[in-house]
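Trainee: Dropping the sequence and predicted coords here.
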Amino acid sequence: MTETNDQIQSNDIPGAADVPAAAEGQQERRGGRGEGRGDRRGGGRGRDNRRGQERDSEWQERVVQIRRVSKTVKGGKKMSFRAIVVVGNEKGQVGVGVGKAGDVIGAVRKGVADGKKHLVKVPLTRHSSIPTQGNGRDGAASVLIRPAAPGTGVIAGGSIRTVLELAGIKNVLAKRLGSKTPLNNARAAMDALAGLRTHKETAKERGISLEQIYS
């Protein structure tokens, strides 16, 4: 598949949070007739729907990039859209997903689903930072992240900043090295976060006490 240089303007990009909301609205309209019967039987379905909505509300989605791509087929070129979406709960879990579809809404929806399938658990300190320095690489992109003191904020740019913010990190220093491609940078940041270890885990792997780590 060859990608064109056409990129959708930021004003035309729908919020990723609007896509699940629209899907939930359709489900509510479809299930409106059966709500009365479910309530008479005990209202079990209503409780399950509320629990599902609470779980979905914990996750935040941000669209990093939407591009129009083309695929050469027998009859010519088939145009579609590719969406890069970052999903996180700001509590130490984050994922990057890619979705392709004939329309923007479908591409974003697929990107959200793909991001939730590739979640990474990030160890956070009490100051909402990372315990150690991390390095990540994907393709020609390389990312360096370092812990920072409280009050520093997220010193990063592009898709790397989006990944760090949705992971719940509030004090960190990050530097992009190599390629400027948003997808490679986001995946390189995910690789760096996946390689982080707490001091307790490091001491256990080395077979030494925690006091020797700090000494």
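Mentor: Structure received.

Trainee: hey, where'd the helices end up in the chain?
Mentor: Using DSSP state H, the helices of the chain run over residues 18-30, 35-40, 44-57, 104-117, 158-166, 182-194, 199-206, 210-214.

Trainee: Give me the pLDDT value at G151.
Mentor: Looking at G151, its pLDDT stands at 92.

Trainee: Excluding chain neighbours, give the residue nearest to it in space.
Mentor: Nearest residue to G151, sequence neighbours excluded (Cβ to Cβ, 6 or more residues apart in numbering): N171, at 7.0 Å. C-betas here are computed from N, CA, C, even on glycine.

Trainee: wouldn't the one you found be in contact with G153 here?
Mentor: Yes. N171 is within contact range of G153, at 6.6 Å (criterion: Cβ atoms under 8 Å).

Trainee: Tell me the bridge partners for G134.
Mentor: Beta-bridge partners of G134, counted by DSSP bridges, are I145.

Trainee: What of G97?
Mentor: The partner residues for G97, given DSSP bridges, come to V85.

Trainee: what separates stretch 131-142 from the chain centre, distance-wise?
Mentor: 17 Å (Cα atoms, centre = their mean, to the nearest Å).

Trainee: Endpoints of it, how far apart?
Mentor: In stretch 131-142, first residue to last residue: 20 Å (Cα to Cα, to the nearest Å).

Trainee: still on that earlier bit, the residue nearest to G151: how many residues sit nearby?
Mentor: N171: 19 surrounding residues under other Cβ atoms under 10 Å.

Trainee: Distance-wise, check it relative to I105.
Mentor: 36 Å (Cβ to Cβ, to the nearest Å).

Trainee: burial count for M190?
Mentor: 24.

Trainee: R197 now?
Mentor: 14.

Trainee: ditto for I208
Mentor: Counted with other Cβ under 10 Å, I208 comes out at 12.

Trainee: what's the answer for T181, then?
Mentor: T181 has 18 nearby residues by other Cβ under 10 Å.

Trainee: who touches stretch 175-194?
Mentor: By Cβ atoms under 8 Å, 6 or more residues apart in numbering, the list of residues contacting stretch 175-194 from outside reads 64-65, 84, 86, 94-96, 98, 118, 120, 122, 130, 134-145, 156-160, 162-164, 167, 174.

Trainee: for stretch 135-152, same thing?
Mentor: By Cβ under 8 Å, 6+ apart, the list of residues contacting stretch 135-152 reads 125, 127, 129-134, 155-156, 160, 164, 171-181, 184-185, 187-195.

Trainee: If any of these are buried, put those into a ChimeraX selection.
Mentor: The ChimeraX selection below is limited to those of those classed as buried (16 or more other Cβ atoms under 10 Å):
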select :129,130,131,134,156,160,164,171,172,173,174,176,181,184,185,187,188,189,190,191,192,193
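
Trainee: show me where pLDDT drops low in the chain?
Mentor: 1-56, 213-215 (pLDDT under 70).

Trainee: rerun at 50
Mentor: Where the chain drops to pLDDT under 50, the residues are 1-2, 5, 9-11, 20-40.

Trainee: mind giving me the domain ranges of it?
Mentor: Per automatic domain parsing, the structural domains of the chain span 2-119, 123-200.

Trainee: Could you say which of those is packed most deeply?
Mentor: Of these, the one with the most neighbours on average (mean count of other Cβ atoms under 10 Å) is domain 123-200, at a mean of 19.

Trainee: and the end-to-end length of it?
Mentor: With Cα to Cα as the measure, domain 123-200 spans 11 Å from end to end.
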